[in-house]
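missing the sequence, but the structure's below:
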């Protein structure tokens, strides 16, 4: 059983599209209350992903310690010129973020954490992709800002939605990672967790 410690509809959709069964338990972690300190970008998104996964894992252990499951946490941020860009808090902030991307490239880093609540086994990693934007018409950007669709999105945009709208955006790396979850790599990690499960006492290999 997989538990997704995220309210992100994009992460849910990515898992569903890859046929991964899961249930959602939101972590309730308020990222705005956490400080990055001296952590580098990759370490920070991995830390946030782990905090979310660990929070849900601890809650499961408290309520249902007998439940066999894996908890998946993730966090995505844009990295532009060494500056981490999370989710914009206002239309003005979203406008400034998008303006930085036009006719330029930036990086998107997604941190992933998988935790076994019963054993404490965990895997934490970061996946990086480079996103290149061409010229986006100012009117198109303004219509997008007015739509409010930038809310809740790292860097103020969703890759699939913007490409579908005809925005000139290319990705070097895993597009799914830009959308919030490097699903193929996550599935490989989940399968590795399953293969590392201890053999029940008395059981033998076929």
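All right, it came through fine. The shown structure was predicted, so the numbers you read here are calculated from the model rather than taken from an experiment.

quick one: secondary structure of residue 76?
Using DSSP: H, G, I helix; E, B strand; the rest coil, the secondary structure recorded for residue 76 is strand.

run a quick neighbour tally on it.
A total of 27 residues lie near residue 76 under the criterion other CB atoms under 10 Å. Quick note: C-beta positions are derived from backbone N, CA and C, even for glycine.

each with direction, which strands does the lowest-mean-pLDDT helix or strand in the chain pair with?
Lowest on mean pLDDT, DSSP states H and E among the helices and strands of the chain sits strand 83-85, with a mean of 86. Each strand paired with strand 83-85, and its direction, by DSSP bridges: strand 70-80 (antiparallel).

quick one, what contacts residue 99?
residue 141 (CB atoms under 8 Å, 6 or more residues apart in numbering).

ah, wrong one, I meant residue 125
If you count contacts by CB under 8 Å, 6+ apart, residue 125 has them with 46, 111-112, 185, 189.

and for residue 61?
Listed by CB under 8 Å, 6+ apart, the contact set of residue 61 reads 117-118.

try it again at 6 Å.
With contacts defined as CB atoms under 6 Å, 6 or more residues apart in numbering, the neighbours of residue 61 are residue 117.

quick one: the helices in this structure?
The residue ranges that make up the helices of the chain, judged by DSSP state H, are 9-17, 41-63, 91-101, 138-147, 159-164, 175-178, 183-195.
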